[in-house]
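Colleague: Can you look at this prediction? I've put the sequence above it.
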Amino acid sequence: MIKNDETPDCSVQYITGDRKEDGLLEGLAAEELTEMFAKFRPGTTLVAITDFCHAGNAYHLQFQLSVCPDGSTFWKEVEEWSNDSKFDQKNKIRAPMIHIAGSSRLEQAYETGRKGGKQHSDQFATDTPLAKAFLGGHGGVSRAAYAVLCLNKYTGFKWSSNGPAMDLYGADRDMTNFLEWLTGDEKFPNLKISSIHNTSRTDIKSYLENLVTLSPGVVFVYIQGHGLPELYITGDGRGSDGEYIGLKSTELIELFSRFENNTSSIVITDFCHSGNFLHLRYRLEVDTDGKRADWVEVENWTQGSGDTTSHPSSQMLHIAGSADNQLVYETGNLGGYFTNALSKAEPKTLPELLAELRATVDAHLGRARNQGYISQEATQVPQIYSRTKLLNTDWDRI
């Protein structure tokens, strides 16, 4: 930091209180700071606030928050973060970390004796939680957030001419439970919600195509119903070939690929075989209490997803009711076990949320097994997928 009447001595390091024998100032280089933070494990969340000259991305993080003139925000990748030879893989920070810097790498930081550093006096004179500030910003107008609920009961449908009924008696409860989670504690402000009953292929496509034209800040899409591998069964009934009409995963991926980079999408699915339905690259792995977690690359994540150019380029998070080889379960009273668990979850980090969802769903399954409603071998394990490894708190508490 420099005073208003001083000429800055530009440096790539943080100057400490030490002096060398030759009288020159001593300090810590950016790569030394990064190496220290790289020693933390992924289970530790790091927040660094710097108020000194040239501190912009001193920790060499991958993403930078950009703010549009209207106050809307989006994350963009820092161009040089992976190309600097001073930062090898062992020195990359792997723990979730946010760096709030008082200036960019090319700028100075200023102070006066009365106010101190301007970053502290101006930026932190607010009680707005960090998560809300990142989602919309407290200094400008937040971009609108939209939610679309795709619901199906399949009344009168059968799996085959003489087969069992497809009716889902918990669909109404699913809508209530999901809205309870979505609107609870006003965690997502300025939210506009649409519910589609007996959702058809055309409904899903037209709603998403319309949202693309609105360029929203955040889009929530909740899809409930029946599914087969790579197919969500819509409410259209059977086609001329006798097979049920649905929306393929490749079609949904293509629709989401139309959103601009500054739109973030959260997709929640409660239908069979919906694990990584959107073919996202990373899956969240957690221990039973959610304290230790890591993003792992999904094997063969591009296979079956169609043209790779159709992959979404904007941030996407997919919270799925089960793995791709599993069924999901419901009752008329509870609704879907997964959506019921989501409605009861308190705001928490993604790893903690996933651990709680799995525990609650497993408890529902245990009671159903004991009462003979499902087989003893039945399993349902909720999953969370992401287009990128989330290295910030943009989604930390939902």
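Modeller: In hand now; what should we look at?
Colleague: you'd agree residue 388 is up against residue 297?
Modeller: No: applying CB atoms under 8 Å as the test, residue 388 and residue 297 come out as separate, 11.1 Å apart. For the C-beta atoms, the positions are set from N, CA and C on the backbone; glycine is no exception.
Colleague: shared neighbours, the two?
Modeller: Common neighbours of residue 388 and residue 297 are listed as 281-282 (criterion: CB atoms under 8 Å, 6 or more residues apart in numbering).
Colleague: Of those two, which one has the most company?
Modeller: Taking other CB atoms under 10 Å, residue 388 and residue 297 do not tie; residue 388 has more neighbours (16 against 10).
Colleague: next one: phi and psi at that one?
Modeller: phi -130, psi 160 (degrees, to the nearest 10).
Colleague: Who are the contact partners of it?
Modeller: Counting by CB under 8 Å, 6+ apart, residue 388 has contacts 281-282, 315.
Colleague: Kindly recompute the last result at 7 Å.
Modeller: Residue 388 makes contact with 282, 315, according to CB atoms under 7 Å, 6 or more residues apart in numbering.
Colleague: any idea how far residue 63 is from it?
Modeller: Between residue 388 and residue 63 the computed distance is 8 Å (CB to CB, to the nearest Å).
Colleague: same check, this time on residue 256
Modeller: For residue 256 relative to residue 63 (CB to CB), the value is 20 Å.
Colleague: neighbour count winner among the two?
Modeller: Under the criterion of other CB under 10 Å, the comparison of residue 256 against residue 63 puts residue 256 first, with 23 against 19.
Colleague: Name the nearest residue to residue 301, sequence neighbours excluded.
Modeller: The spatially closest residue to residue 301, leaving aside those adjacent along the chain, is residue 281, at 5.2 Å (CB to CB, 6 or more residues apart in numbering).
Colleague: ok, now which ones touch the one you found?
Modeller: Contacts of residue 281 (CB under 7 Å, 6+ apart): 297-298, 301, 387.
Colleague: Just name the lowest-scoring one in those, pLDDT-wise.
Modeller: Across the set of the contacts of residue 281, residue 301 stands lowest in pLDDT, at 83.
Colleague: what residues are up against that residue?
Modeller: Residue 301 sits next to 279-281 when contact means CB under 7 Å, 6+ apart.
Colleague: rerun that using 10 Å as the cut-off
Modeller: 276, 278-283, 311, 385 (CB atoms under 10 Å, 6 or more residues apart in numbering).
Colleague: now, which of those residues sits nearest residue 366?
Modeller: residue 283 (24.5 Å; CB to CB).
Colleague: can you map out the helices along this protein?
Modeller: For the chain, the helices defined by DSSP state H occupy 30-37, 118, 130-135, 171-183, 201-214, 249-256, 337-344, 350-370.
Colleague: Can you report how many residues neighbour residue 385?
Modeller: Residue 385, neighbours per other CB under 10 Å, totals 23.
Colleague: Same question for residue 238.
Modeller: Around residue 238 there are 11 residues (other CB under 10 Å).
Colleague: shift numbering so it begins at 718
Modeller: Noted, 718 is the first residue going forward, which turns the last one into residue 955.
Colleague: so where's the stretch 968-1115 of the chain uncertain?
Modeller: For the stretch 968-1115 of the chain, the stretches with pLDDT under 70 are 1020-1027, 1108-1115.
Colleague: That one: strands as residue ranges?
Modeller: Assignment of strands within the stretch 968-1115 of the chain using DSSP state E, counting those that start in this stretch yields the ranges 981-987, 999-1003, 1010-1014, 1033-1037, 1047-1048, 1052-1053, 1100-1103.
Colleague: how close does the residue nearest to residue 1072 when sequence neighbours are not counted sit to residue 763?
Modeller: For residue 1072, ignoring the flanking residues on the chain, the nearest one in space by CB to CB, 6+ apart is residue 1007 at 3.4 Å. Per CB to CB, residue 1007 is found 18 Å from residue 763.
Colleague: And the two? Which one has more around it.
Modeller: The residue with more neighbours, out of residue 1007 and residue 763, is residue 1007; 21 against 15, by other CB under 10 Å.
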